[in-house]
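*Asks:* coords please:
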Amino acid sequence: MQRRHLIAGGLAAAAMPTFALAQGLEKPKVTIAVGGKNLFYYLPLTIAEQLGYFKAEGLDVNIVDFAGGSRALQAVVGGSADVVSGAFEHTISMHQKGQPMRAFVLQGAAPQIVLGVNPKTLPNFKTVADLKGKKIGVTAPGSSTNVMANFVLAKAGLKPSDVSIVGVGAGNGAVAAMRAGQIDAIANLDPVITLLQRSGDLRIVTDTRKLAEAEQVFGGPMPAGCLYAPQSFLDKNPHTAQALVNAMVRANKWIQQAGGGDVIKVVPESYLLGDRAVYIDGFLASKQAMSADGSFPAKGGQTAFNALASIDPKMAGTKVDLNAIYTNDFVKQANAKYPKG
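*Replies:* Numbers count the residues shown, from 1 in each chain. The predicted model follows:
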C-alpha cells in the first residue's frame, strides 16, 4: 500500500463527524498515562492519536507522558489519569496488591526491551554474571525495563540487590548516560537502542525485539505494551473502552502495512532523536514484535506471571486469576468492525 494512501486513510478518519459517536460514550474525554511515549513500544498509541483514530470514535483523548511505566501507573492509581498505556505485567502486580487492573488491547506481542552493556566501562564483558556490582540504566525503577533486567539477572544467579538500578528515561537522557559512562549496562527500547548500537556505545546481550528470542528468554509468549485500566473503569465505561480499542486496533493494522518512511511522516519530529535513518532502522527492528490485531495470546498471562514470580518471592506464593488480568472481548468486536484497519 502506498504511503499517501496510508496517511490519507488516517486523515479521512480525523475528518469524520464525531458528535453522534460521542453521544453513546459514557466518558468522551479520556486521559491516558504513558511512560516513554516516543518508544516503538507505544507506537500504536501515537499512530491512533496522530491519524485521528481516537477522534473518529468520538473520543477526546489527552495523553500524558511520564519517564517510565511505573509512574504512568501511579497516575491512574492516584486518579489523575483513566487508562495506562503500559506493560502487561503490571496488571498482575496490581492484582496482587488488591487493586485489580485489566488489560484490554495489546500493542506489543513481545517486550522489545534490549539489555546491553557499555563497551567503555565493560570492555571485557563475558556473561551476565559480570554485571554484579554494576549500574544498570532503566527507563524508571519498577518499570518493565527494570523487570526484564531483573529477570535476565536472575537466570544468571544474580539478585536485584546485586546491581544498582538507575532511572535514565526513554530518550536522549538514556543515550547521554551510556555515552558518558554513567551506567555500565542498559535495559531500554528503540529508538534509544538502535541509536546507541549505531554509534558503537552498546553491545547487545539480550534482544526481545525478536519474537523467538523473547519466547526463549521468558519461556513463552510475553505480552508487552497494552492499554489497561482499573476493572471499575471498564465496568462503568464499556462503550468508551470499545472506542479506545477500535482506534488502537486500527493503528496496529496500519503499522503492519507501513514502512519506515510512512511512520516518520506521522510521528512527531522529536521522536527521531535527530536521526531519521536510525529511527527507520529501529522501526524495522521492532516491527515484528508489534501486535498485528490487538489480541492477547492465551498463554501470555502465565508467562508474565512466571517472569514476575521468578524475581519476586511474594508473587511466587500468590494466586492470581490470570483470566481477570486481560480480556479479548473488546478486541474481537474491533476486528469485526475494522477487518482491514
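
*Asks:* who's in contact with the most centrally placed residue in the chain?
*Replies:* In the chain, the centroid-proximal residue (Cα atoms, centre = their mean) is Gly225; its distance is 3.0 Å. Contacts for Gly225 (Cβ atoms under 8 Å, 6 or more residues apart in numbering) come out as Tyr41, Tyr42, Pro44, Ser85, Gly86, Ala87, Phe88, Leu106, Gln107, Gly108, Gln112. Any C-beta I mention is one placed from the backbone N, CA and C, and that applies to glycine too.

*Asks:* which one of those sits closest to Thr121?
*Replies:* Taking Cβ to Cβ as the measure, Thr121 lies nearest Gln112 of these, at 24.5 Å.

*Asks:* hang on, isn't the closest one packed against Phe40?
*Replies:* Yes. Applying Cβ atoms under 8 Å, one finds Gln112 in contact with Phe40, separated by 6.2 Å.

*Asks:* need the overlap of contacts for these two.
*Replies:* Overlap of the contact sets of Gln112 and Phe40 (by Cβ under 8 Å, 6+ apart) consists of Leu189, Asp190, Ser286.

*Asks:* are any of those residues buried, and if so which?
*Replies:* Leu189, Asp190, Ser286 (16 or more other Cβ atoms under 10 Å).

*Asks:* spatially nearest residue to the second one, not counting backbone neighbours?
*Replies:* Which is Asp190. With Cβ to Cβ, 6 or more residues apart in numbering as the criterion, Asp190 has its nearest non-adjacent residue at 3.5 Å, and that residue is Gly282.

*Asks:* that's a helix at that neighbour, yeah?
*Replies:* Yes. Under the criterion used here (DSSP: H, G, I helix; E, B strand; the rest coil), Gly282 sits inside a helix.

*Asks:* could you report the pLDDT at it?
*Replies:* At Gly282, the pLDDT value in this model is 94.

*Asks:* check Arg3 too.
*Replies:* Reading off the model, Arg3 has pLDDT 42.

*Asks:* just how off-centre is the helix or strand harbouring Asn246 within its chain?
*Replies:* Using DSSP states H and E, Asn246 sits in helix 238-257. Here the centre of helix 238-257 is set off from its chain's centre by 15 Å, with Cα atoms, centre = their mean, to the nearest Å.

*Asks:* average pLDDT for that helix?
*Replies:* Across helix 238-257, the average pLDDT comes to 98.

*Asks:* how about the CA coordinates for it, as CSV?
*Replies:* Provided in CSV are the C-alpha atoms of helix 238-257 (Å, rounded to 0.1, in the frame of the first residue of the first chain):
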residue,chain,number,x,y,z
PRO,A,238,-17.8,-0.2,28.2
HIS,A,239,-18.6,1.9,25.2
THR,A,240,-15.7,4.2,25.9
ALA,A,241,-13.3,1.3,26.3
GLN,A,242,-14.6,-0.2,23.0
ALA,A,243,-14.0,3.1,21.3
LEU,A,244,-10.4,3.2,22.6
VAL,A,245,-9.9,-0.4,21.4
ASN,A,246,-11.3,0.3,17.9
ALA,A,247,-8.8,3.1,17.5
MET,A,248,-5.9,1.0,18.7
VAL,A,249,-6.7,-2.0,16.6
ARG,A,250,-6.8,0.3,13.5
ALA,A,251,-3.4,1.7,14.5
ASN,A,252,-2.0,-1.8,14.9
LYS,A,253,-3.2,-2.8,11.4
TRP,A,254,-1.9,0.5,9.9
ILE,A,255,1.6,-0.2,11.3
GLN,A,256,1.6,-3.7,9.8
GLN,A,257,1.2,-2.2,6.4
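
*Asks:* in it, what counts as buried?
*Replies:* Those would be 240-255, for helix 238-257 by 16+ other Cβ under 10 Å.

*Asks:* what of stretch 261-268?
*Replies:* Using 16+ other Cβ under 10 Å as the test for burial, stretch 261-268 gives Asp262, Val263, Ile264, Val266, Val267.

*Asks:* ok, back up a step: would you turn the shared contacts of Gln112 and Phe40 into CSV with distance to Ala292, secondary structure and pLDDT?
*Replies:* Below are these laid out as CSV (distance: Cβ to Cβ, whole Å; DSSP: H, G, I helix; E, B strand; the rest coil; pLDDT from 0 to 100):
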residue, distance to Ala292, secondary structure, pLDDT
Leu189, 19, coil, 93
Asp190, 18, coil, 93
Ser286, 14, helix, 94
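
*Asks:* thank you kindly, that will do.
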